[in-house]
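Asker: got a predicted model here, sequence first, then my questions.
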Amino acid sequence: MGLLKIFSILFILIFPMAEVGRIQFLNGVAVSLNDIFLVLLIAVWIIYVFRRKKKFNKSFLLKPIALFFIIALVSLLLNLVNLSLDRFLISFLYLARWVSYALLYFIFKDFDKKFKLKINYALLFSGSMVVLLGLVQYFYYPSLRNLYYLGWDEHLYRLFSSFLDPNFAGAFFTLFALFTVSFIPELFKKKEWLKLSLFGGILMATIGTLYLTYSRSAFLMLLVGIMSYLIITSRKKLMLVCLIAMILLIFLLPKSFQTEGTNFLRITSSDSRIDSAAEAIKIFSKNPLYGVGFNAYRYAQNKLGMNNSIWQVTHSGAGTDNSFLFVLATTGVVGFIAYLYLLYKGICLGILNRKKNKYAVVLISSLAALIIGSMFVNSLFYVFILEWIWIMAAFTESN
């Protein structure tokens, strides 16, 4: 298992590269360093599984994961007549990627407690590096205008870190903040003041970087995540204090309300999300039972004349802003029910283990935040978010 542990740590440590380590092809396919290391990790894990002849029947999320995968695959096969071979294969690669990240749940679940402590430190280091890169980017690289031809939006005066998108960066910062805050009560109880100061500093820096994304969805996610965490841990008295502090921080930001991108009351992006939702509903209405195939959304848009001139490379063209509408459009009602079942079982996993370990509380509050945030940004299918959630789910079940 030594090699498996080494690749697991390397996989987590490569996380801060995020979209910076992305290789984009003209046909819409993109591969990141994260993907490459994941493939290597899975290969090592498969060898380990076959040698040990391990079984998966005790895994809490095995059935819902398998169910959604099968339905998503069937939806894609049923739409094979509407897709050329290359488009079918590209769409299938997205499904293969989703399954690959889901395998992290099985890989990390069986690690021993001593090694999981090392993974905790690796996660803290990687998350902190994303925060640090975000702060450096905010002050020295305030716009992505020069990368527009590769499908990236401008995001002027907003923090987007190595994710190259403030909304996804903000979503991650929410998850990382919830993960970090889970260590503080125990450190306070043990009176480990040095570690407490370090974790507190990381938490404050993470929340600060989240606000500098000027992402309303991320702010809403943080609000829901923190409130959920306080309710589950029976710290309801802190809720009002946190709520007031979070709202006041909006008005202390350096460029708050000064530009379209930093204006929390901006209308342009709201109109864009409404249009995106309308397109998704239209696509779903034409294929209500099994959808257009996971993930053939880009090609369905093109068929209906909804794409722009760079539709094959633009990152927004691969999906819609709402994760639930994305599932409806690509897998239909059948896939939507299966996906809701997967989310339900994920929350159940957290509830069943909430008194056993801190990861269960992190998982529940993270899923609550993501469910709300995914109404505005397709964060439930963003691979770097998936990576974090599957690892939290693994730690929740196995501790």
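Answerer: The structure has been received and is ready for your questions.

Asker: so Gln376 is in which element?
Answerer: No, residue 376 isn't Gln; it's Phe. Secondary structure assignment for Phe376, by DSSP states H and E: no helix or strand.

Asker: any regions of the stretch 51-200 of the chain where pLDDT drops low?
Answerer: For the stretch 51-200 of the chain, residues meeting the criterion pLDDT under 70 lie at 53-57, 145-155.

Asker: in it, which spans are helices?
Answerer: 62-78, 85-109, 113-140, 166-181, 184-190, 193-212 (DSSP state H, counting those that start in this stretch).

Asker: tell me which residues of the first one are tucked away?
Answerer: With burial defined by 16 or more other Cβ atoms under 10 Å, the residues of helix 62-78 counted as buried are 62, 64-69, 71-76, 78. Every C-beta, even on glycine, is put in place using the N, C-alpha and C of the backbone.

Asker: dump that helix to PDB, restricted to CA.
Answerer: Taking Å, rounded to 0.1, in the frame of the first residue of the first chain, the C-alpha atoms of helix 62-78 are listed here in PDB:
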ATOM      1  CA  LEU A  62     -21.600   2.400  -3.900                       C
ATOM      2  CA  LYS A  63     -25.200   1.800  -5.100                       C
ATOM      3  CA  PRO A  64     -26.100   5.500  -5.700                       C
ATOM      4  CA  ILE A  65     -22.800   6.100  -7.500                       C
ATOM      5  CA  ALA A  66     -23.300   3.000  -9.700                       C
ATOM      6  CA  LEU A  67     -26.900   3.900 -10.300                       C
ATOM      7  CA  PHE A  68     -26.200   7.400 -11.600                       C
ATOM      8  CA  PHE A  69     -23.300   6.200 -13.700                       C
ATOM      9  CA  ILE A  70     -25.400   3.500 -15.400                       C
ATOM     10  CA  ILE A  71     -28.300   5.900 -16.100                       C
ATOM     11  CA  ALA A  72     -25.900   8.600 -17.400                       C
ATOM     12  CA  LEU A  73     -24.300   6.000 -19.700                       C
ATOM     13  CA  VAL A  74     -27.600   4.700 -20.900                       C
ATOM     14  CA  SER A  75     -28.700   8.300 -21.700                       C
ATOM     15  CA  LEU A  76     -25.600   8.800 -23.700                       C
ATOM     16  CA  LEU A  77     -26.000   5.500 -25.600                       C
ATOM     17  CA  LEU A  78     -29.700   6.300 -26.400                       C
END
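
Asker: and that helix, what does it pack onto?
Answerer: With contacts defined as 3 or more Cβ pairs under 8 Å, 6 or more residues apart in numbering; DSSP states H and E, the packing partners of helix 62-78 are helix 85-109, helix 323-353.

Asker: next, the angle from that helix to helix 323-353.
Answerer: 160 degrees (axes from the mean of the first three to the mean of the last three Cα atoms, to 10 degrees).

Asker: so how far is helix 62-78 from its chain's centroid?
Answerer: The chain centroid and the centroid of helix 62-78 are separated by 20 Å under Cα atoms, centre = their mean, to the nearest Å.

Asker: just use 36 as the starting number from now, easier for me
Answerer: Got it, first residue is 36 now, which makes that one helix 97-113.

Asker: which other residues reach it?
Answerer: With contact meaning Cβ atoms under 8 Å, 6 or more residues apart in numbering, helix 97-113 is reached by 91, 123, 126-127, 130, 133-134, 137, 140-141, 325-329, 331, 365-367, 369-370, 373-374, 376-377, 379-381.

Asker: still on that earlier bit, next, format the helices of the stretch 86-235 of the chain as TSV and append distance to Lys317.
Answerer: Listed next are the helices of the stretch 86-235 of the chain as TSV, based on distance: least, Cβ to Cβ, whole Å:
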stretch	distance to Lys317
helix 97-113	18
helix 120-144	19
helix 148-175	36
helix 201-216	23
helix 219-225	47
helix 228-247	33
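
Asker: just those: most buried one?
Answerer: Among the helices of the stretch 86-235 of the chain, the stretch with the highest mean neighbour count (mean count of other Cβ atoms under 10 Å) is helix 201-216, at a mean of 28.

Asker: much appreciated, bye for now.
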